[in-house]
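In: No letters, just coordinates:
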């Protein structure tokens, strides 16, 4: 699905990209990053299409999503403070030359 069609489906559901990201517990940036590729992954396309069709049919997709218990996705590549790129390197205790 193209990113434009994805946004159209979200619009049918009465959602913004931020609202969609909040519902599926993802970062809005991870969703909008797909705009530069022009397409969204199939799993996001399916969710958006189903939400759009449910909303057009007068069905409350939010109630359905609220019944599902799931954790937010962990951010990829999250940096650890003081460590470039979240590296799992250990701290070396080197002697200081004074």
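Out: Arrived safely, thanks for sending. Just so you know, these numbers come straight off a predicted model, no measurement behind them.

In: SS state for the residue nearest to the spatial centre of the chain?
Out: Most central in the chain under CA atoms, centre = their mean is residue 26, positioned 3.1 Å from the mean C-alpha point. Three-state assignment for residue 26 (DSSP: H, G, I helix; E, B strand; the rest coil): coil.

In: does the residue lying closest to it once chain neighbours are set aside sit in a helix, a strand or a coil?
Out: The shortest distance from residue 26 to any non-neighbouring residue, by CB to CB, 6 or more residues apart in numbering, is to residue 73 (5.6 Å). In short, each C-beta sits where N, CA and C put it, glycine included. Put simply, residue 73 is coil when judged by three-state DSSP.

In: Check the gap between residue 73 and residue 43 for me.
Out: Taking CB to CB, to the nearest Å as the criterion, residue 73 is separated from residue 43 by 12 Å.

In: Next: residue 5.
Out: Computed as CB to CB, the residue 5 to residue 43 distance reads 15 Å.

In: Tell me which of these two has more neighbours.
Out: Neighbours were tallied for residue 5 and for residue 43 using other CB atoms under 10 Å; the higher tally belongs to residue 5 (15 against 9).

In: which residues sit in contact with the more buried one?
Out: Contact analysis of residue 5 by CB atoms under 8 Å, 6 or more residues apart in numbering lists residue 45.

In: For it, give its distance to residue 54.
Out: Using CB to CB, one gets 17 Å for the distance from residue 5 to residue 54.

In: Quick check: mean pLDDT of the lengthiest helix in the chain?
Out: For the chain, the helix that runs over the most residues, judged by DSSP state H, is helix 42-56. Mean per-residue pLDDT for helix 42-56: 95.

In: and the nearest residue to residue 16 once chain neighbours are set aside, which of the three is it?
Out: Excluding its sequence neighbours, the residue lying closest to residue 16 (CB to CB, 6+ apart) is residue 10, at 6.9 Å. The three-state label given to residue 10 by three-state DSSP is helix.
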